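Participant: Quick check, what structure comes out for this input:
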Amino acid sequence: MRSHLRSAPRSSRRTSVSRTERKPRGRVSALPARRAPSCPDMTPDWPLNDEYRLIEPQIDPQGVHVWPFESAIPLDLRVLVGDSEKTVKKNRHDYFELLLLCSGATFFLVEDRRLPMKPGDLAIIGSDLLHSTECPSSARSTLGVLYFDPNFIAGDGMAYSTEYLAPFLNQDSGFPHIVAADTGVPAQIFDLMQRIQEELPGSSRRARLAINTYLKMILILLVNQYSFYASQADSFKRQERALDSLHNFFEFLPRHVGDVIHAPEAARMCGLCEADFTSFLRQLTGKPFRSFLNHYRVERAQVALSGTNRPISEIAQEMGFCDQSYFGAVFNKLTGMTPLSYRRRQRGEPADPAIASSMRP
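Facilitator: A predicted model of the protein is given here:
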């Protein structure tokens with residue numbers, strides 16, 4: 001059963017000004033200009049906690065951690081201090097998290113990966129993956145973290161709100177969780193996190209709107225940063241869909257390699273129109289239908305030529321070629337040699353019989 005985290009005592013904060021005493025900003029200001037990260041500038045004046053003492057006792061046996069957000073603003077900022085003597089066990093949670101390494105050294109642990117972080121680097125994590133941080137031997141770390149409930153964005157009633165969350169929702173086993181300091185993105189995000197802190201606890205409607213807006217500005221920076229990865233992931237998903245669509249054809253082909261096969265018939269067995277079939281096949285193999293079929297048949301013929309003594313004409317017919325001369329022309333085009341030369345080479349024999357005769361004593 002999930003247990004709730006107790007809020008840190010007010011005395012642990014590094015500032016004497018409480019959230020309710022902060023003067024709200026008059027308006028939401030524009031996105032800060034990109035600048036190089038600076039470690040002294042990245043020492044936030046937020047509530048301060050020992051990472052292990054705060055997080056570890058509140059992780060349940062299933063490895064789930066719950067953060068006690070305020071109902072009005074399901075978002076929080078903390079400074080977490082860690083060291084090499086105590087490491088929080090890997091956990092997951094329903095909220096989303098950004099971790100900025102302000103100083104020191106640490107590793108970001110995600111499932112079975114161990115990702116090094118340098119000061120100024122940013123790590124992002126969604127809700128599905130077990131994760132934690134770990135300091136190297138004799139090292140300490142200071143992390144500025146932002147926790148937020150994704151429903152704060154997705155549930156605001158605005159069109160396309162969930163698209164802001166794409167970098168957190170599409171985290172597979174190869175996802176690049178670390179955004180390097182030298183991209184300039186962590187510094188921009190840190191500035192926006194500072195502005196969010198100035199608006200907390202969000203007691204007015206204007207403050208809540210400002211917090212939501214600054215958070216969306218952070219998320220837009222991450223969407224842009226991860227657009228390259230999203231494109232790669234989309235391409236991979238397209239290939240998976242193509243493979244699933246062509247499953248029937250790839251099962252049929254080995255058993256019927258010598259049959260007369262045309263693209264329209266192959267498309268029908270996959271439940272596709274010819275245009276979609278040939279498009280999916282090109283995505284997977286990089287070849288049009290006829291070229292793919294010839295390559296496949298020649299590869300099968302190579303196995304037969306090197307592993308058996310069967311006549312070349314018989315192999316050609318079995319592979320679906322109308323006659324031996326056409327088979328020889330296609331084979332030579334794709335391999336750079338005739339079927340007979342290929343067979344002799346595979347057996348360690350000279351390609352030209354005359355050479356073999358001249359080598360005899």
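Participant: Give me the mean pLDDT for the helix or strand Phe108 falls within.
Facilitator: Using DSSP states H and E, Phe108 falls within strand 106-110. For strand 106-110, mean pLDDT is 97.
Participant: same question, stretch 344-361
Facilitator: 63.
Participant: can you map out the helices along this protein?
Facilitator: Secondary structure of the chain (DSSP state H): helices located at 51-55, 151-154, 166-169, 185-199, 205-225, 227-245, 247-255, 263-269, 274-285, 289-307, 312-318, 324-335, 339-346, 353-359.
Participant: Surely Arg345 and Met337 touch.
Facilitator: Yes. Under the criterion of Cβ atoms under 8 Å, Arg345 makes contact with Met337 at 7.2 Å. Every residue, glycine included, has its C-beta placed from N, CA and C.
Participant: which regions of the stretch 201-350 of the chain sit below the pLDDT cut-off?
Facilitator: Applying pLDDT under 70 to the stretch 201-350 of the chain flags the ranges 230-240, 242.
Participant: Now with 90, please.
Facilitator: By pLDDT under 90, the low-scoring segments of the stretch 201-350 of the chain are 226-248, 250-251, 271-272, 275-287, 307, 322-323, 346-350.
Participant: Same question for the stretch 1-150 of the chain.
Facilitator: Counting by pLDDT under 90, the stretch 1-150 of the chain has low-confidence residues at 1-45, 58, 61-62, 66, 68-72, 94, 127-128.
Participant: Would you mind pulling the contact partners of stretch 271-284?
Facilitator: 238-239, 241-243, 245-246, 248-249, 263-264, 266-267, 270, 287-289, 292 (Cβ atoms under 8 Å, 6 or more residues apart in numbering).
Participant: hmm, 6 Å instead?
Facilitator: Ala242, Ser245, Leu246, Ala263, Pro264, Ala267, Cys270, Phe289 (Cβ atoms under 6 Å, 6 or more residues apart in numbering).
Participant: If we ignore the residues flanking it in sequence, what's nearest Tyr326?
Facilitator: In space, and not counting its chain neighbours, Tyr326 is closest to Ala316: 7.9 Å by Cβ to Cβ, 6 or more residues apart in numbering.
Participant: before we move on, what about Pro186?
Facilitator: Nearest in space to Pro186, with sequence neighbours left out and distances taken as Cβ to Cβ, 6+ apart, is Leu122 at 3.9 Å.
Participant: Would you map the strands across the stretch 1-150 of the chain?
Facilitator: For the stretch 1-150 of the chain, applying DSSP state E, counting those that start in this stretch gives strands covering 48-50, 75-83, 96-104, 106-110, 113-117, 122-125, 131-134, 140-148.
Participant: now those in CSV, with mean neighbour count and distance to Pro254?
Facilitator: Putting these into CSV (neighbours: other Cβ atoms under 10 Å; distance: least, Cβ to Cβ, whole Å) gives the following:
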stretch, mean neighbour count, distance to Pro254
strand 48-50, 17, 61
strand 75-83, 21, 56
strand 96-104, 22, 46
strand 106-110, 22, 40
strand 113-117, 15, 38
strand 122-125, 24, 44
strand 131-134, 21, 43
strand 140-148, 22, 52
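Participant: what's the closest of those strands to Thr308?
Facilitator: Nearest to Thr308, of all these, is strand 113-117, at 47.4 Å by Cβ to Cβ.
Participant: got the angle for the closest one vs strand 96-104?
Facilitator: Using axes from the mean of the first three to the mean of the last three Cα atoms, to 10 degrees, the inter-axis angle of strand 113-117 relative to strand 96-104 is 50 degrees.
Participant: Report all helices and strands that strand 113-117 contacts.
Facilitator: strand 106-110 (3 or more Cβ pairs under 6 Å, 6 or more residues apart in numbering; DSSP states H and E).
Participant: strand partners of the strand it packs on, parallel vs antiparallel please.
Facilitator: Strand 106-110 sits in its sheet next to strand 113-117 (antiparallel), strand 131-134 (antiparallel), going by DSSP bridges.
Participant: Can you give me the end-to-end span of stretch 308-322?
Facilitator: 21 Å (Cα to Cα, to the nearest Å).
Participant: what's the distance between that stretch and the middle of its chain?
Facilitator: Centroid separation between stretch 308-322 and its chain, computed with Cα atoms, centre = their mean, to the nearest Å, is 46 Å.
Participant: which parts of it are buried?
Facilitator: Ile312, Ile315, Ala316, Met319, Gly320, Phe321 (16 or more other Cβ atoms under 10 Å).
Participant: returning to that earlier point: next, format the strands of the stretch 1-150 of the chain as TSV and append distance to Asn170.
Facilitator: Listed next are the strands of the stretch 1-150 of the chain as TSV, based on distance: least, Cβ to Cβ, whole Å:
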stretch	distance to Asn170
strand 48-50	30
strand 75-83	22
strand 96-104	13
strand 106-110	14
strand 113-117	16
strand 122-125	11
strand 131-134	16
strand 140-148	18
